[in-house]
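*Asks:* Take a look and give me a structure for this.
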Amino acid sequence: MQRPTRVLIIEDQVKIVHWLSEFLKQAHFEVLTAYDGRTGLQLFEREKPDVILLDLMLPDMDGLDVCRIVRQNSDAFIIMITARVEETDRLLGLEIGADDYVTKPFSPREVVARIRALLRRASGALAHNSAPQQRTLSYGELALDPNKRLCTLKGEPVNLTPTEFDILHTLMKQPGVPFTRERLINEALGYDYVGYERTIDVHIRNLRRKIEPDIQNPQYIQTVFGVGYRFADALPTT
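*Replies:* Residues are numbered from 1 along each chain as shown. All right, here's what the predicted structure looks like:
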């Protein structure tokens, strides 16, 4: 029998932890809780959660450091819990590898919706793996294998987060097609756009840092001014 989805809450505010964990349990999630970063990391290493709800303002260590450590060691989904004044930290968290965020004050229903959206992406990837094999997408020295969820550049693996992989896959499937930010986040990530356009911009910037020979003159992921982004449909001439 498959175990329920395991969610780790790392948050120092007792009231938030209590009502959020109770709501998640009612939604049939297995819940683990930690009130500081070090305890949270210990639970992460021991219990291998599927999803981590991570407050950026922790009493013993920077939540961004916790995010960085988790991402270096796991593909677990990370949802940041942030205050409205923490825009810079929110962007840094996305750059480090967080998948999503919720802003205080938030509804527990919103958190459940975000978790289920992330899990649908994971289920979709598993369904693709059991379905007929998809072709590897290649463009110059860049290749993307959707079956193995593997990206390579010049034959070497590129370490992409699950969100980065899904965005790149969506773009590469339709080279030359402009995507608005709203369309890209909906098609790649599978949930309704929440109105924060810079979220997708951060993921695109991270992708460019990992795959572009020159991030100032992108060869693969191009900006379509006034629209959004597209994957190049022709190799540049030299």
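*Asks:* Surely residue 221 and residue 229 touch.
*Replies:* Yes - look at residue 221 against residue 229 with CB atoms under 8 Å: they come within range, at 5.9 Å. For the C-beta atoms, the positions are set from N, CA and C on the backbone; glycine is no exception.
*Asks:* can you pull the pLDDT of residue 170?
*Replies:* pLDDT, residue 170: 94.
*Asks:* in what helix or strand does it lie?
*Replies:* In the assignment (DSSP states H and E), residue 170 maps to helix 162-173.
*Asks:* before we move on, what about residue 185?
*Replies:* Assessed by DSSP H and E, residue 185 sits inside helix 181-189.
*Asks:* tell me what that helix is packed against?
*Replies:* helix 162-173, helix 198-211, strand 228-231 (3 or more CB pairs under 8 Å, 6 or more residues apart in numbering; DSSP states H and E).
*Asks:* nearest to residue 96, of these?
*Replies:* Among the helices and strands packed on helix 181-189, the nearest to residue 96 by CB to CB is helix 198-211 (9.0 Å).
*Asks:* residue boundaries of the strands in the protein?
*Replies:* 6-10, 30-34, 51-55, 77-82, 100-103, 137-139, 142-145, 150-153, 156-158, 179-180, 221-224, 228-231 (DSSP state E).
*Asks:* can you list the domain ranges for the chain.
*Replies:* According to automatic domain parsing, the chain is divided into the following domains: 6-127, 132-231.
*Asks:* Export these to a markdown table and append columns for mean neighbour count.
*Replies:* Below are the domains of the chain laid out as a markdown table (neighbours: other CB atoms under 10 Å):
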| stretch | mean neighbour count |
| --- | --- |
| domain 6-127 | 18 |
| domain 132-231 | 16 |
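*Asks:* Model confidence score at residue 86, please.
*Replies:* 63.
*Asks:* on that earlier part again, which neighbours do residue 221 and residue 229 share?
*Replies:* In terms of CB atoms under 8 Å, 6 or more residues apart in numbering, residue 221 and residue 229 are both contacted by the residues 171, 204.
*Asks:* where are the low-confidence patches of this protein?
*Replies:* Applying pLDDT under 70 to the chain flags the ranges 1, 84-86, 122-133, 191-198, 234-238.
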